[in-house]
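Visitor: Fold the stuff below for me.
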Amino acid sequence: MIVLACPWWAGAAVYDEILQAIELDDQRTVAELLRRGVDVNTTNEKGESLLLLAARSGKPAVVQTLLAARPNLNARNAQGETALMHAAIRGRVDIVKLLLNAGAEVNHPGWTPLMYAAATGQMEVARMLIARAAHVNATAQNGSSPLMMAAREGHLPMVLLLLEHGADVNYTSAFGYNALSVALDRGRQDVADALVRAGAMR
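Guide: Numbers count the residues shown, from 1 in each chain. Here you go, the predicted model:
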């Protein structure tokens with residue numbers, strides 16, 4: 001269900017119009033629709049806010065326009081994801097910077113922006129998040145840490161960056177796996193070797 005912002009909303013037409021404007025990075029149309037009364041915190045049936053949709057689509061001009069309307073920066077979709085997480089996993093440094101400067105949350109329970117950046121090897125984004133005090137040893141619901149995500153996907157530079165900033169090389173989840181075990185399970189020998197050199201216990 002779409003969250004309705006005002007009584008003149010007549011159905012899906014206006015929502016479709018703003019979605020199209022987001023896809024085109026048409027900040028003028030987005031600004032006009034917001035001026036006419038569209039709630040900046042409107043969400044779709046998946047709980048995805050306009051800000052999240054713009055961040056995921058990589059539309060910095062629209063992100064700026066939406067931020068000027070003071071949206072809920074940390075609104076989560078049905079999967080618990082925020083706009084910052086979507087920008088982080090796609091390596092959208094420009095959008096990550098906009099969201100961070102607006103005050104988007106870096107640390108929160110569950111999956112975090114740093115975990116998303118680590119999983120896809122987004123080095124510049126990871127550096128930005130760490131500079132904003134992202135918890136390098138945060139853990140998700142399944143026990144994964146940023147280091148585990150980087151090791152699992154074979155992102156050696158990310159593994160080294162996280163270790164440099166205090167990632168616990170021997171953290172083991174309640175399910176019995178750690179960065180070294182997931183690296184070996186995926187055949188990431190270069191990552192496994194680096195972890196052992198950093199003190200990982202076999």
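Visitor: Quick one: residues contacting residue 78.
Guide: 46, 47 (CB atoms under 8 Å, 6 or more residues apart in numbering). The way it works is simple: take the backbone N, C-alpha and C, and place the C-beta from them, glycine included.
Visitor: Check the secondary structure at it for me.
Guide: At residue 78 the chain is in coil, as set by DSSP: H, G, I helix; E, B strand; the rest coil.
Visitor: Could you report the distance from the spatially most central residue of the chain to residue 35?
Guide: Centroid-nearest residue in the chain, with CA atoms, centre = their mean: residue 85, separated by 0.9 Å. According to CB to CB, to the nearest Å, residue 85 and residue 35 sit 29 Å apart.
Visitor: Over to residue 15?
Guide: 16 Å.
Visitor: Ok, residue 138 next?
Guide: For residue 138, the distance to residue 35 equals 39 Å [CB to CB].
Visitor: Which one of those two is surrounded by more residues?
Guide: Shown here are residue 138 and residue 35; by other CB atoms under 10 Å, residue 138 has more neighbours (19 against 9).
Visitor: Now do the lowest-mean-pLDDT helix or strand in the chain: which elements does it pack against?
Guide: Using mean pLDDT, DSSP states H and E, helix 12-23 stands out as the lowest-scoring helix or strand of the chain, at a mean of 89. Packing partners of helix 12-23 (3 or more CB pairs under 8 Å, 6 or more residues apart in numbering; DSSP states H and E): helix 27-35, helix 50-57.
Visitor: hey, which of these is tucked in deepest?
Guide: helix 50-57 (a mean of 26; mean count of other CB atoms under 10 Å).
Visitor: what does the average pLDDT come to for that helix?
Guide: For helix 50-57, mean pLDDT is 97.
Visitor: same check, this time on stretch 120-130
Guide: Across stretch 120-130, pLDDT averages out at 98.
Visitor: send the alpha carbons of it over as CSV?
Guide: What follows is stretch 120-130, C-alpha atoms only, in CSV (Å, rounded to 0.1, in the frame of the first residue of the first chain):
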residue,chain,number,x,y,z
THR,A,120,30.8,-5.7,-2.8
GLY,A,121,34.3,-4.4,-2.2
GLN,A,122,33.3,-0.7,-2.2
MET,A,123,36.6,0.6,-0.8
GLU,A,124,36.0,4.4,-1.0
VAL,A,125,32.5,4.0,0.6
ALA,A,126,34.0,1.8,3.3
ARG,A,127,36.6,4.4,4.1
MET,A,128,34.0,7.1,4.3
LEU,A,129,31.9,5.0,6.7
ILE,A,130,34.8,4.1,8.9
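Visitor: May I see the buried residues of that stretch?
Guide: Residues of stretch 120-130 classed as buried by neighbour count (16 or more other CB atoms under 10 Å): 120, 121, 122, 125, 126, 128, 129, 130.
Visitor: low pLDDT regions in the protein?
Guide: Residues of the chain meeting the criterion pLDDT under 70: 1-12.
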